[in-house]
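**Q** Fold the following.
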Amino acid sequence: MHIRVNEVAAQSEEHWLLYFPLHIIDHYIIIKTFGETRPTMAFIPEPLRMLATSPALGDLSSDGPLAYALRQKLTGWVKMPATLNLESNTVLVTGATSGVGYQTARQVLHLGANLVIGARDMAKAKQCIQELQKEYPQAKVTALQLDLEKLESVDEFARGLQERNIKLDIAILNAGFYTRNSRVTVDGFDALFQVNFVATAYLALQILPLMASSNAEPARLVLVTSEAHAWARFDTQQLHGASPWSAFATSATQDQAAETYSTAKLLLALFGRELAARMERRQVCVVLTTPGFCASSFFPKQGICMALVNLTSARSTQAGARLHVYAAAVAPAEQVHGHYLRDGAVCKLSALAESSEGQRLQGLVWHETEALCQRRRERLPDAKVL
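**A** Numbering: from 1, shown residues only. Okay, the predicted model is just below:
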């Protein structure tokens, strides 16, 4: 089956050359004007603010923001096999009520899968299911509450899957969020850090016992990271045996939000790589992927300026979702297990992640995640975490 291509997205691709000069001028003016002062003016779209204040701004390698921006428009849609179908597969998609997650849900239903969605807002989940079943009347969709700002909710979500005897062929852990007004969660972490890393990693370990493929292929766990992981400036020299999480026990300030997000995505990537190294590929194939910057409601304060950024810089959510589906169902397991997919191709993680310091940090991240699981195991003796 072919996944349908959004016509508006196609038109945006065709008109890219018309908008590119405006796009460059837009970025240049804001960066030169505000880059040194870390502005708080509300009219500046958050992606540009992140770019202008990023310590990686001058990085001209493939990891840097400039190369990222160019790839956004110069890379076409990933090709999908015409024969692809997911009939008899059960697929979990988190963050499926909007944006890339919603389009991912649409695409897996189009391919015949049974769908499980994890959603914080069950009213939105109900509306989402109604919309999906209008398009796919025969679709089997199950929604369970999942609030990644509460580890207890992750426990309850995994328990709900187990009680319903749901076995997962594919899990796409897409949920994430961004805000400049963060807070400390009930679990004692910065919310940006918890949602984008801690709770996602914890959820991955919780659902592993429930993952079993219904066909010849291994089950597949897709961890959605971000190209922004390469912009994290995590100082491994300061660790000296300390917890890599210790800096995130208080809420990020507005100026720290982008760095916290990037660091969370870096640690998620390192966690996924270590998990894959400890897993038999024949059991569960672990893949890291990114949808790129998509025109969605991911960033707060959508307005005219943000609309311009979306028009000139962003991919459609359909294109981003297709990369999720490619990672989950098309990319050969023997080639992608434990690897990072960017635009559908295996590539290295950031220079930091690939360095000896990154390897050390990876071990610390795994140790800390295991310690978290152990603490929750002691609190909840029936919890089935690794």
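**Q** by contact count, what packs against the helix or strand harbouring T289?
**A** Here T289, judged by DSSP states H and E, is contained in strand 284-290. Under the contact criterion of 3 or more Cβ pairs under 8 Å, 6 or more residues apart in numbering; DSSP states H and E, strand 284-290 touches strand 219-224, helix 257-278, helix 317-329, helix 333-336, strand 340-342. The way it works is simple: take the backbone N, C-alpha and C, and place the C-beta from them, glycine included.
**Q** Give the partner strands of that strand in its sheet and their orientations.
**A** Its sheet considered, strand 284-290 pairs with strand 219-224 (parallel), strand 340-342 (parallel) by DSSP bridges.
**Q** Using CSV, list the CA coordinates for stretch 78-87.
**A** Extracted C-alpha coordinates of stretch 78-87, given in CSV (Å, rounded to 0.1, in the frame of the first residue of the first chain):
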residue,chain,number,x,y,z
VAL,A,78,11.6,8.5,2.3
LYS,A,79,10.4,5.8,-0.1
MET,A,80,8.0,3.1,1.1
PRO,A,81,7.5,-0.4,-0.4
ALA,A,82,4.3,-0.6,-2.4
THR,A,83,3.6,-4.0,-0.8
LEU,A,84,4.0,-2.8,2.8
ASN,A,85,1.2,-3.7,5.2
LEU,A,86,0.9,-4.1,9.0
GLU,A,87,-2.1,-6.4,9.1
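**Q** what comes up buried for it?
**A** By 16 or more other Cβ atoms under 10 Å, the buried positions in stretch 78-87 come out as V78, M80, L84, L86.
**Q** and what of stretch 132-151?
**A** For stretch 132-151, by 16+ other Cβ under 10 Å, it's 132, 136, 139, 141-144, 146-151.
**Q** Now for these: which two are most distant?
**A** Taking Cβ to Cβ as the measure, those reach their widest spread between Y136 and L151, a distance of 32.9 Å.
**Q** can you pull out the strands in this structure?
**A** 90-94, 114-119, 141-145, 170-173, 219-224, 284-290, 340-342, 345-347 (DSSP state E).
**Q** and the angle from the fifth one to strand 90-94?
**A** With axes from the mean of the first three to the mean of the last three Cα atoms, to 10 degrees as the basis, strand 219-224 and strand 90-94 are set at 20 degrees to each other.
**Q** Alpha carbons only: can I get strand 219-224 in PDB?
**A** Extracted as PDB, the C-alpha positions of strand 219-224 are listed here (Å, rounded to 0.1, in the frame of the first residue of the first chain):
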ATOM      1  CA  ALA A 219       9.300  -6.800  17.600                       C
ATOM      2  CA  ARG A 220      10.500  -3.300  17.100                       C
ATOM      3  CA  LEU A 221      11.000  -0.400  19.600                       C
ATOM      4  CA  VAL A 222      11.300   3.000  18.100                       C
ATOM      5  CA  LEU A 223      12.700   5.800  20.300                       C
ATOM      6  CA  VAL A 224      12.100   9.200  18.800                       C
END
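**Q** Now do that strand against helix 317-329, angle only.
**A** Using the same axes, to 10 degrees: strand 219-224 against helix 317-329 is 140 degrees.
**Q** got the angle between strand 219-224 and helix 257-278?
**A** Using the same axes, to 10 degrees: strand 219-224 against helix 257-278 is 160 degrees.
**Q** Now tabulate the helices and strands packed on strand 284-290 in JSON lines and tack on distance to K124, mean neighbour count and mean pLDDT.
**A** Shown next, in JSON lines, are those (distance: least, Cβ to Cβ, whole Å; neighbours: other Cβ atoms under 10 Å; pLDDT from 0 to 100):
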{"stretch": "strand 219-224", "distance to K124": "19", "mean neighbour count": "27", "mean pLDDT": "97"}
{"stretch": "helix 257-278", "distance to K124": "23", "mean neighbour count": "24", "mean pLDDT": "93"}
{"stretch": "helix 317-329", "distance to K124": "16", "mean neighbour count": "26", "mean pLDDT": "93"}
{"stretch": "helix 333-336", "distance to K124": "32", "mean neighbour count": "15", "mean pLDDT": "94"}
{"stretch": "strand 340-342", "distance to K124": "29", "mean neighbour count": "22", "mean pLDDT": "95"}
